[in-house]
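Q: attaching a predicted model along with its sequence, questions to come.
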Amino acid sequence: MTATLAAAVSQAIPSGTEYIRALPELVLAAFGVTIMLLDPVLDEETSQKTLGLIAFVGALAALASTWYMAEFPGLAFSNMVRVDGFSIFFHVLVIAIAAVIILTSYEYMTVQKIRAGEYYGLILFGVVGMGLMTSAVELVLIFIALEISSISSYILAGFRPQDASSTESSLKYFLLGSFATAFFLYGVALIFGATGSTNIDIISGVLQTGPVEVLVYVAVALMFVGLGFKVAAAPFHIWTPDVYEGAPAPIVGFMSTAPKAAAFAVLLRIVFAINAPGRFWLVWVSAALSMTLGNVGALVQSNVKRLLAYSSIAHAGYLLVAFGMLTPQDSVTGISAAMFYTAAYAAMNVGAFAVVSHFANAGERYVTLEDYEGLGRTSPLLAATLTIFLLSLIGIPITGGFFAKFYVFSTALKANLIWLPLIGVVNSAIGAYYYLRMVVMMYMREPRKEVPVTRIPAALGIALAISVIATIYLGILPNRVLRYTLDSAQALIQHPGHAQPDTQSLRKPDTF
């Protein structure tokens, strides 16, 4: 049976095409190595902008190579990597996030007096792992890619060596992250023992052609624990506030979006492509806990980075609602909703942390809610930009955050998941309080202390403009992205051994 399924998923690959199907990773790795080689021969002042520019060009080149790679869909490297609409979507997303973070970091690195070489190189190397996570259909390769991404994140979290909290952040992230990764690896080992393979397509076929062993349920639970840590979903979220508080602000924007997007891509493959048994209650409990604990925890925070950390936990819960679909028809719209939510959240959260990183100043001294009092008068543009992101995080109409929540909750209601959307709506109302609290402080309070607000540099202005445009675009004109996500979702579950959905009954995005 296993041999038959392996033959079914294999395909002839022309010479050189395999490397095209991994072209973005090759480009990112080449630019990362170049940065590491140039760093020792450049003086500190020159390296800040030169290496940052090289990293940004590398991200743009990786985006271009992703569009080129899209012309060569299929399997590569002994059926371990699949290029399809799903992997292309997440490649574009994580690389775009990296590009915006690099722009945000130009000024930050100079103000904080941090050496730039390793910083930019680690961002690119981290994205190599995230890209592989989104296209890998082999669980062992997913584990290796997860480690590549994680090791870069562990180091970047401690990139403010003059601050003890940053070192603590890196150490805590490393220790807990390694522990969580072990759960994922144990799950992979058990699924191999139960099915005889670590290939997602073969595993799916085996599970659907025979009785499901208890070992499979344990394996799915262990893998969910490992990935739940990476996406900061409760009850695996305990590391998030401390790590976000100590890490450099641009890196927090990076960690809260790109690695989470890649981990959600893996989770979507495991949950829907494998059609993982026993997933419903895992998702249900984690989503409800994440929404509730995230929002309640944010209510009592005075540090903006910790507040946004709890917000990140809550949004992981909102996104997990889309994972509760059980039928093939509902699965397609569930995958589509999760993909759209990931993109919308990335746009608004990266933008919010870009503002925080600029406002924090040297040593990140200004990161409390009190520091933001009167910002609407001292820097109207910065306050207006942050307000847009906060309104999107709430879910106010004409923003990407509104349509993302609407799509997830409406999809869940169509699948008769009544309680999860209800819990989500209640938690959204709770979340509105602490987001609007920041807006009130910026526009309706007098500053109680002098906080220097410097001019917005060109690179940061471009990063903020990209984030604002993406946030508004996804709220006003979502149909094009929705069509792409629906097509990608349908392709994701169309593999050997998987029950096919009735495409005629799927709701088209034009009806929203």
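A: Thanks, I have it.
Q: need the contact list for the residue nearest the centre of the chain.
A: The centroid of the chain falls nearest to residue 261 when counting by CA atoms, centre = their mean (2.5 Å). With contact set as CB atoms under 8 Å, 6 or more residues apart in numbering, residue 261 has these partners: 90, 93-94, 97, 130, 134, 342, 346. Placement of C-beta: from N, CA and C, glycine included.
Q: how about a cut-off of 6 Å?
A: Residue 261 makes contact with 93-94, 342, according to CB atoms under 6 Å, 6 or more residues apart in numbering.
Q: next SSE downstream of the host helix or strand of it?
A: For residue 261, the element it lies in under DSSP states H and E is helix 258-268. The C-terminal neighbour of helix 258-268 among helices and strands, as given by DSSP H and E, is helix 279-299.
Q: tell me the mean pLDDT for the very next helix or strand once past that following helix?
A: As assigned by DSSP H and E, the chain's next helix or strand after helix 279-299 is helix 304-320. Taken as a whole, helix 304-320 has an average pLDDT of 95.
Q: who are the packing partners of helix 304-320?
A: In terms of contacts (3 or more CB pairs under 6 Å, 6 or more residues apart in numbering; DSSP states H and E), helix 304-320 is packed against helix 240-246, helix 279-299, helix 328-360.
Q: and of the ones you listed, who's closest to residue 438?
A: Closest approach to residue 438 among the helices and strands packed on helix 304-320 is made by helix 328-360 (9.7 Å; CB to CB).
Q: what's that closest one packed up against?
A: helix 85-112, helix 249-255, helix 258-268, helix 304-320, helix 380-394, helix 400-414, helix 458-476, helix 479-492.
Q: could you dump those helices to a markdown table with distance to residue 433?
A: What follows is the helices and strands packed on helix 328-360, written out as a markdown table (distance: least, CB to CB, whole Å):
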| stretch | distance to residue 433 |
| --- | --- |
| helix 85-112 | 28 |
| helix 249-255 | 22 |
| helix 258-268 | 24 |
| helix 304-320 | 11 |
| helix 380-394 | 10 |
| helix 400-414 | 16 |
| helix 458-476 | 21 |
| helix 479-492 | 30 |
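Q: of those, which stretch is the most buried?
A: helix 249-255 (a mean of 29; mean count of other CB atoms under 10 Å).
Q: helix, strand, or coil at residue 452?
A: Secondary structure, DSSP: H, G, I helix; E, B strand; the rest coil: residue 452 is coil.
Q: strands of the stretch 1-150 of the chain, start to end?
A: 74-76, 81-83 (DSSP state E, counting those that start in this stretch).
Q: show me the one of these that comes nearest residue 179.
A: strand 81-83 (27.9 Å).
Q: so for that closest one, mean pLDDT?
A: Mean predicted confidence for strand 81-83 is 93.
Q: need the contact partners of that strand.
A: 21, 69, 73, 75, 135-137.
Q: how about 10 Å then?
A: Under the criterion CB atoms under 10 Å, 6 or more residues apart in numbering, residues 9, 17-18, 20-23, 25, 66, 69-76, 87, 91, 131-132, 134-138, 141, 145, 200-201, 269, 273, 491-492, 495 lie in contact with strand 81-83.
Q: just the buried ones from these?
A: 9, 18, 20-23, 25, 66, 69-70, 72, 74-76, 87, 91, 131-132, 134-138, 141, 145, 200-201, 269, 273, 491-492, 495 (16 or more other CB atoms under 10 Å).
Q: low-confidence ranges, this protein, go.
A: Where the chain drops to pLDDT under 70, the residues are 1-15, 362, 495-512.
Q: coming back round to it: out of the helices and strands packed on helix 328-360, nearest to residue 233?
A: Among the helices and strands packed on helix 328-360, helix 304-320 comes nearest to residue 233, with 4.6 Å by CB to CB.
Q: let's see the closest one as CSV, backbone CA atoms only.
A: Presented in CSV, the C-alpha positions along helix 304-320 are these (Å, rounded to 0.1, in the frame of the first residue of the first chain):
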residue,chain,number,x,y,z
VAL,A,304,2.9,48.2,25.1
LYS,A,305,5.1,45.3,24.0
ARG,A,306,3.5,43.0,26.6
LEU,A,307,0.1,44.3,25.6
LEU,A,308,0.7,43.4,22.0
ALA,A,309,2.1,40.0,23.1
TYR,A,310,-1.2,39.1,24.8
SER,A,311,-3.0,40.5,21.7
SER,A,312,-0.9,38.1,19.6
ILE,A,313,-2.1,35.2,21.7
ALA,A,314,-5.7,36.3,21.3
HIS,A,315,-5.4,36.6,17.5
ALA,A,316,-3.9,33.1,17.4
GLY,A,317,-7.1,32.0,19.0
TYR,A,318,-9.2,33.8,16.4
LEU,A,319,-7.3,32.1,13.6
LEU,A,320,-7.6,28.7,15.2
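Q: still on that earlier bit, look up the closest residue to the residue nearest to the centre of the chain, ignoring the ones flanking it.
A: If the residues on either side of it in the chain are set aside, residue 261 comes closest to residue 342, at 4.9 Å by CB to CB, 6 or more residues apart in numbering.
Q: returning to what we had before: got the helices and strands packed on helix 304-320 as TSV, with mean neighbour count and distance to residue 234 columns?
A: Shown next, in TSV, are the helices and strands packed on helix 304-320 (neighbours: other CB atoms under 10 Å; distance: least, CB to CB, whole Å):
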stretch	mean neighbour count	distance to residue 234
helix 240-246	24	10
helix 279-299	20	4
helix 328-360	26	17
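Q: closest to residue 232 out of the ones you listed?
A: Among those, helix 240-246 sits nearest to residue 232 (CB to CB), with 4.6 Å.
Q: related to what we said a few turns ago, closest one to residue 298 among the helices and strands packed on helix 328-360?
A: Checking those against residue 298 by CB to CB gives helix 304-320 as the closest, at 3.7 Å.
Q: how big is the angle separating the closest one from helix 400-414?
A: 30 degrees (axes from the mean of the first three to the mean of the last three CA atoms, to 10 degrees).
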